[in-house]
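Trainee: Let me see the structure of the following:
(chains A, B, C, D, E and F)
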There are 6 protein chains.
Amino acid sequence: MAKQNIKNAVDARPKRPRATAGDDAEIVALNLKAAVLSPEMAAYFAKCKEKLGFVPNVLKAYAFDMAKLSAFVAMYNDLMLAPSGLSKLEREMIAVAVSAQNRCYYCLVAHGAAVRQLSGDPALGELMAMNYRAARLSRRQHAMIDFAVKLTAEPWLIEEEDRAHLRRAGFSDRDIWDIAAVAGFFNMTNRVASATDMRPNTVYHSQAR
Amino acid sequence: MAKQNIKNAVDARPKRPRATAGDDAEIVALNLKAAVLSPEMAAYFAKCKEKLGFVPNVLKAYAFDMAKLSAFVAMYNDLMLAPSGLSKLEREMIAVAVSAQNRCYYCLVAHGAAVRQLSGDPALGELMAMNYRAARLSRRQHAMIDFAVKLTAEPWLIEEEDRAHLRRAGFSDRDIWDIAAVAGFFNMTNRVASATDMRPNTVYHSQAR
Amino acid sequence: MAKQNIKNAVDARPKRPRATAGDDAEIVALNLKAAVLSPEMAAYFAKCKEKLGFVPNVLKAYAFDMAKLSAFVAMYNDLMLAPSGLSKLEREMIAVAVSAQNRCYYCLVAHGAAVRQLSGDPALGELMAMNYRAARLSRRQHAMIDFAVKLTAEPWLIEEEDRAHLRRAGFSDRDIWDIAAVAGFFNMTNRVASATDMRPNTVYHSQAR
Amino acid sequence: MAKQNIKNAVDARPKRPRATAGDDAEIVALNLKAAVLSPEMAAYFAKCKEKLGFVPNVLKAYAFDMAKLSAFVAMYNDLMLAPSGLSKLEREMIAVAVSAQNRCYYCLVAHGAAVRQLSGDPALGELMAMNYRAARLSRRQHAMIDFAVKLTAEPWLIEEEDRAHLRRAGFSDRDIWDIAAVAGFFNMTNRVASATDMRPNTVYHSQAR
Amino acid sequence: MAKQNIKNAVDARPKRPRATAGDDAEIVALNLKAAVLSPEMAAYFAKCKEKLGFVPNVLKAYAFDMAKLSAFVAMYNDLMLAPSGLSKLEREMIAVAVSAQNRCYYCLVAHGAAVRQLSGDPALGELMAMNYRAARLSRRQHAMIDFAVKLTAEPWLIEEEDRAHLRRAGFSDRDIWDIAAVAGFFNMTNRVASATDMRPNTVYHSQAR
Amino acid sequence: MAKQNIKNAVDARPKRPRATAGDDAEIVALNLKAAVLSPEMAAYFAKCKEKLGFVPNVLKAYAFDMAKLSAFVAMYNDLMLAPSGLSKLEREMIAVAVSAQNRCYYCLVAHGAAVRQLSGDPALGELMAMNYRAARLSRRQHAMIDFAVKLTAEPWLIEEEDRAHLRRAGFSDRDIWDIAAVAGFFNMTNRVASATDMRPNTVYHSQAR
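Mentor: The predicted structure is shown next:
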């Protein structure tokens, strides 16, 4: 029958090549001309390629303007890699739980891979991206993610009791700043990514599964 | 320093073995004694093992009562496998988009794997689970998922215009029933899974990546 | 004046006959051709007429396909009528409270009547449909409905503490399954009814008032 | 078995007499001493008894203070009974749709009865209380209720286009004021009733069914 | 460049004179003809001019109909000025916190000024309008505003525990009525103001800063 | 009477000195020790004092760590002060509208003052903080704020049509990036401020009224 044929034709299409934007596709849905990389940023991109094997698309997205790219890189590296009472894995867990609240495709793909790699636990990345409440988290980490997600969804409801709860779970005041700062940062990047339809590097999908 | 050591100790733990409930772990957070499988259900479980290599945990979860298990299997198989104007992939896409709205860990893991397998497109499963609006869907499929997600989030807002929009996107009245029935079914199973903390089979995580 | 006349004319219309879809009207807003009833389903419809005096419209709505009708009837009868730690009234109370959260006209009318009949308390049906928190429920039933409504509105927030609360209110693990399964089922049927604009039998309105 | 017996015992209780607060019960959950009625209010209460057969509980609730009772009665009677481009039925329809959005038990019971009586259509009262979108309303009345419900749920979103839509549906600027004022009034009374757990007169339940 | 010029031209406009509707502008976005003031209302307007220096625009907005104006004034004056266990400042704090929840421009401007004046604390008016949770309130006043805001946002969730909490914070049952009545009243006026795009008198902006 | 006295005593307190945290009070609710300012940051603080008359508290809050302070300053100055198709006023309008959605006390106070100063229109700052929909904005600015607020409240709903709408309102792709980046940035700082209970400099309250 005609209708059935139409449907089958749809299903027979080369497997929806447009669902993924490959690495050679447009990274954002805005027409922004790449600038010449500054020497510092060129070195940073080279380091990414060497260590990761690729340059994360978010960096290419910012590369239309060196001031913006540099500011982003400086803040990102300080937050996610500098010494902190939070482990790198914990910071990535916050990144993914916040991005799940905001349903940000780019950040869930890129940082979900980071959680899988840093933890060596493929399911943990899925749990953070799907519903962190289903994960078997320690009391410390459950409190940390609860705070980050409340801060994401309803920041106006945070009161002293929320900070007191983190302290009771073992966090110092400096740790609380770091939880807030990482959660805040991904509330920023989630929105830049969603506003521009940013597409993650394809390579993330199969990492550390 | 002491605090740093504590943190490192935390990170050095055997990689959070409790994040995933393995196949030999408790499938639900309720103490329900497995019943003896009826001959029909024993045959069905055997067929699952033969075709999939394992029995999906949702079936084991229902296996404390043969009437409930049989009713679930009958409805599931009719909705997801019987002839329909919706392809099997489309029905699985609805399943995942609905489960994403409801943030159901079990269903996102199990049916996300199905979308990856049926489509041959690993990213499509991620897109349905993370934010279907970021996927490059055909007009037909975008309308289908929009309807299923609205029906999930705010069913009381559905009016004639919503059905008319589906018809304009090429769906028959019978197709509209099927979209509603599949979306409705996962609104049921999402809640049974969330209420019981149902854990997916570990094997799903690495399938079709 | 002209405008006033128009308004009066509107009010003078035969009392909005279209507000109710009578039993001889279209039951759903989809054009689905009734199938020939299977012998089992014909017997079931006959039993409905004998015991209730009518066939509930939801059954007529599913009667375009015998596999779907049979699966629906099997699941419905097991959930609502089979032995359970929940009384039949309690299961109907869950049905109405869930349908109130989802603002489902069909289910509120049909199951509101059931609550009135089973309880012999006309106000209880109204309370479940309007705001169960205003009802003078026992601690057991308040906990039961709280769980069912949370599971309906925000299923992703259910954690172990929610199950523990039900246990403290006297429910067994098997009872918890039944609460979840009934709540889940009406989350399905609410959506099928809302998606198809299903109209309840007129007779429900005056029952057990 | 013990548990079954307990459950049966629960169901066998005199049919949950506490679900309804009868007319001789406390009308509000606050301990407020009735004041002596002023001559005007005494006359008004007598008129209610004569015309309705009873004094609506909301009036008794306000009767602890004559200034508050008089102000309430003056505003209510002007809004609901004075000449307006909206019929009395339309004003009651707004009252019920607003109260449904706010899930106010008192107002749904009392004004649901009014809609049934004024319309002669028992189902219309149910539709307004359960989900007005399922009612077969004229374009005029649909626009009117859409505006009242949006104004109730998200008043900050009202913009000029919302007023323009009402004008296109045939409403004058004075009518728009009246829609807003009636919707606003029930947003007030819904909250006074919910804050005080106000109980409706039992007689409403069976009126005009 | 042309585009830059256009932008500059936009910024060079006389400083957006349309952002504020001055006192001589239309007070509401509805075309309603002012009625002749009754002697009582004329005296009341004169008293406003004498005591405040101006007639609040909300009174002018209601002045198309003396019955509506009188009823509004009677209820307002009783609620906000009559003896009560709540101070006048506390009633204005409720007014602003409710109006902040409803994002009502008119009421935030007019009653924010009242909080600043009555408290002599310019920041307190801002705190009530922006996020009362950031204010250093006494336990009594925090409980009072929590109740008023919950009653505004989700009135259906109020249960006996909410009233008990107010009693523990030192409020009498009569005080609870007053909190509910003031919160209810502003839920009404917020909606009348939002529905009609009511503009506050310009003078409020600079008062008591 | 005793109760009345207690209340009066409460009102007679020195005018709630705790509602405002003055400039000499704790800026955040975390115990973080100020670091020694780097020469660059010391120069920047000196410049703030010279140009503004004070150092904004947000800078003092970050001053416990020079890397974090420098990264924040670099990103802030690029976004808010560098050349852009958006005027500085427009960027501040976005800052306030986003902060209003997130109900962030610090950012509303500080950037509300900036809107008043840059626009010379005291009411415009209030409108952005209370409900931008009540402002008489140009089509361009209405579209800009609509996008920023949708991106704040429901970033996952942004689709190509939202970008197309901005282009039709006259924005270039680079402008769209800037709208997204400014909106994103304040979604970050709102959360850092809310998480730490950051208090604005008192001086903002009376600026440009």
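Trainee: near chain C, which residues of chain A show up?
Mentor: Contact residues, chain A versus chain C (CB under 8 Å from any CB of the partner chain): A:131, A:133. In this view, the C-beta of every residue, glycine as well, is placed from N, C-alpha and C.
Trainee: Quick check: closest non-adjacent residue to the residue in chain A that chain E sits nearest to.
Mentor: Of the residues in chain A, the one nearest chain E is A:Trp156, at a distance of 5.1 Å by CB to the nearest CB. With sequence-adjacent residues excluded and distances taken as CB to CB, 6 or more residues apart in numbering or on different chains, A:Trp156 is closest to F:Arg103, at 3.6 Å.
Trainee: returning to what we had before: okay, now the residue of chain A closest to chain E: neighbour count?
Mentor: Applying other CB atoms under 10 Å in any protein chain shown, we find 18 residues neighbouring A:Trp156.
Trainee: surely it meets F:Ala100?
Mentor: No. Contact criterion CB atoms under 8 Å: A:Trp156 and F:Ala100 do not qualify, at 10.3 Å.
Trainee: hey, which helix or strand in chain A has the poorest pLDDT?
Mentor: helix A:2-12 (a mean of 42; mean pLDDT, DSSP states H and E).
Trainee: And the next helix or strand past it?
Mentor: Next helix or strand after helix A:2-12 toward the C-terminus (DSSP states H and E): helix A:39-52.
Trainee: returning to that earlier point: which residues touch the residue of chain A closest to chain E?
Mentor: A:Trp156 makes contacts with E:131, E:133, F:102-104, F:194, as judged by CB atoms under 8 Å, 6 or more residues apart in numbering or on different chains.
Trainee: Let me know the closest of those residues to chain B.
Mentor: F:Asn102 (21.0 Å).
Trainee: What values do phi and psi take at the residue nearest to A:Trp156?
Mentor: Phi and psi for F:Arg103, reported as degrees, to the nearest 10, are phi 50, psi 50.
Trainee: ditto for A:Ala63
Mentor: phi -80, psi 10.
Trainee: so it sits right up against A:Ser38, yeah?
Mentor: No. Counting by CB under 8 Å, A:Ser38 is not a contact partner of A:Ala63; they are 10.0 Å apart.
Trainee: neighbour count winner among those two?
Mentor: A:Ala63 (21 against 14).
Trainee: For that one, give me the pLDDT.
Mentor: On pLDDT, A:Ala63 comes in at 98.
Trainee: and it, what does it touch?
Mentor: Neighbour list for A:Ala63: A:34-35, A:37, A:41, A:69 [criterion: CB under 8 Å, 6+ apart].
Trainee: May I have the residues that are in contact with the residue in chain A that chain C sits nearest to?
Mentor: Nearest residue of chain A to chain C (CB to the nearest CB) works out as A:Asn131 at 5.1 Å. Counting by CB under 8 Å, 6+ apart, A:Asn131 touches A:100, B:103-105, C:156.
Trainee: same check, this time on A:Val36
Mentor: Shown in contact with A:Val36 (CB under 8 Å, 6+ apart): no residues.
Trainee: Check what pLDDT it gets.
Mentor: Model confidence at A:Val36 (pLDDT) stands at 98.
Trainee: mind saving the C-alpha coords of the top helix by length along chain A as PDB?
Mentor: Ranked by number of residues, the top helix in chain A under DSSP state H is helix A:173-196. What follows is helix A:173-196 as a C-alpha-only set of coordinates in PDB (Å, rounded to 0.1, in the frame of the first residue of the first chain):
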ATOM      1  CA  ASP A 173      33.600  26.800  52.800                       C
ATOM      2  CA  ARG A 174      36.200  26.800  50.000                       C
ATOM      3  CA  ASP A 175      34.700  23.500  48.700                       C
ATOM      4  CA  ILE A 176      31.300  25.100  48.700                       C
ATOM      5  CA  TRP A 177      32.600  28.000  46.600                       C
ATOM      6  CA  ASP A 178      34.000  25.400  44.100                       C
ATOM      7  CA  ILE A 179      30.800  23.500  43.900                       C
ATOM      8  CA  ALA A 180      28.900  26.800  43.200                       C
ATOM      9  CA  ALA A 181      31.500  28.000  40.700                       C
ATOM     10  CA  VAL A 182      31.500  24.700  38.700                       C
ATOM     11  CA  ALA A 183      27.700  24.500  38.800                       C
ATOM     12  CA  GLY A 184      27.600  28.200  37.800                       C
ATOM     13  CA  PHE A 185      30.100  27.700  34.900                       C
ATOM     14  CA  PHE A 186      28.100  24.900  33.300                       C
ATOM     15  CA  ASN A 187      24.900  27.000  33.700                       C
ATOM     16  CA  MET A 188      26.700  29.400  31.500                       C
ATOM     17  CA  THR A 189      28.200  27.000  28.900                       C
ATOM     18  CA  ASN A 190      24.900  25.000  28.700                       C
ATOM     19  CA  ARG A 191      23.200  28.200  27.600                       C
ATOM     20  CA  VAL A 192      25.900  29.200  25.100                       C
ATOM     21  CA  ALA A 193      25.800  25.700  23.600                       C
ATOM     22  CA  SER A 194      21.900  25.600  23.500                       C
ATOM     23  CA  ALA A 195      21.700  29.100  22.000                       C
ATOM     24  CA  THR A 196      24.100  28.200  19.200                       C
END
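Trainee: Now do it and helix F:173-196, the angle between them.
Mentor: Put simply, helix A:173-196 runs at 150 degrees to helix F:173-196, going by axes from the mean of the first three to the mean of the last three CA atoms, to 10 degrees.
Trainee: Can you tell me how far the closest residue to A:Ile27 other than its chain neighbours is from E:Arg174?
Mentor: Leaving aside its sequence neighbours, A:Ile27 sits nearest to A:Asn57 (CB to CB, 6+ apart; 4.7 Å). To E:Arg174, A:Asn57 is 63 Å away according to CB to CB, to the nearest Å.
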